[in-house]
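# Please find the sequence and the predicted model below.
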Amino acid sequence: MKPVQPFLIRKKPEISWKGLQYDQSLTILIVDAGFGTLNYMVTDFPRKPKVLVDYRLSDNYHSAPNALVVLAFKSEGKPAPVLPSDFSADSLFDLSKFMLDNDLSDDLVGLSVIIVGSDAFAIERQRVKGSVDYCHSLLKKKLHHKVDEFYSRLPLHHLNSWMSITYQQPAISANVCCRKLSLSAESHRLDPLGNASISALATLYHPTVSSHRIPLTNNFVNYHRHTRTFVGKN
């Protein structure tokens, strides 16, 4: 099964299957097996759906695929399942305890698995949230596809950071080669993942260069999910 990109599953899916009766009462869960979170929960589905946990996608930034597991439990004649009082969207979700607490151990009637890959959308979402900055993996992936001899000599397996380079272009108005040249003051931040063209005049002044790296920790929960630490700026 080819992994689906997180960007393509950013919206709540339509859940249905052959034989589904619209007067049934089911509890639907979407559990992120890789990150251990509950990403969606609705009770009394599809009769009178009540959403207890709003849908959120899997922001998988790893090169390895991640699994979203969709579970359907029958809940006819039973009180609607409830979440623990200390539940939060980012907390680890104990599915086994949830099933025992709500007497659902024998009521699983449907299961499906969504294999989620990684893309720039998920990586950027993690960075913006301030949880993980894995942008250098995109640079590493792009350089791996280069056939140039220069790139083949780079030790890409050691790459764990990237550099941000910013040129400050001053406002300029001058006559050059019988032409009037006017440039407004701008800040050019170069993206190492793409190609950008800037005025040669901007390079008359030295750029600002900043670098980051991923700290090494022994945190089991955050294995390979580290935030980056600022290490230098000229």
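Okay, I see it.
# number of nearby residues for Met99?
Each residue near Met99 was counted by other C-beta atoms under 10 Å, and the total is 18. No exception for glycine: its C-beta is placed from N, CA and C like everyone else's.
# so how far is Thr27 from it?
In this view, Met99 and Thr27 are 10 Å apart by C-beta to C-beta, to the nearest Å.
# pretty sure Asp119 contacts Gln5?
Yes. At 4.4 Å, Asp119 counts as touching Gln5 under the criterion of C-beta atoms under 8 Å.
# Thr37 pairs with what?
For Thr37, the beta-bridge partners under DSSP bridges are Asp32.
# per-residue pLDDT, it?
Per-residue pLDDT puts Thr37 at 94.
# is it true that it touches Asp90?
Yes. Taking contacts as C-beta under 8 Å, Thr37 lies within contact range of Asp90: 6.7 Å.
# So between these two, which is more surrounded?
Counted by other C-beta under 10 Å, Thr37 and Asp90 do not tie: Thr37 has more neighbours, with 18 against 8.
# Name the residues contacting each of Met99 and Thr27.
Contact criterion C-beta atoms under 8 Å, 6 or more residues apart in numbering; residues bridging Met99 and Thr27 by contacting each: Phe73.
# got the end-to-end distance for stretch 178-188?
Distance across stretch 178-188, first residue to last, is 27 Å (C-alpha to C-alpha, to the nearest Å).
# Ala67 belongs to a strand, doesn't it?
Yes. Applying DSSP: H, G, I helix; E, B strand; the rest coil, one finds Ala67 inside a strand.
# Which residue is the nearest non-sequential neighbour of it?
Excluding the flanking residues, the one nearest Ala67 by C-beta to C-beta, 6 or more residues apart in numbering is Ala33, at 4.3 Å.
# and the one you found, backbone torsions?
Ala33 adopts backbone torsions of phi -70, psi -30, taken as degrees, to the nearest 10.
# Against Ser197, how distant is it?
From Ala33 over to Ser197 the distance is 44 Å, taken as C-beta to C-beta.
# Compare these two (neighbour count), which wins?
Ranked by neighbour count (other C-beta under 10 Å), Ala33 and Ser197 place Ala33 first, with 15 against 6.
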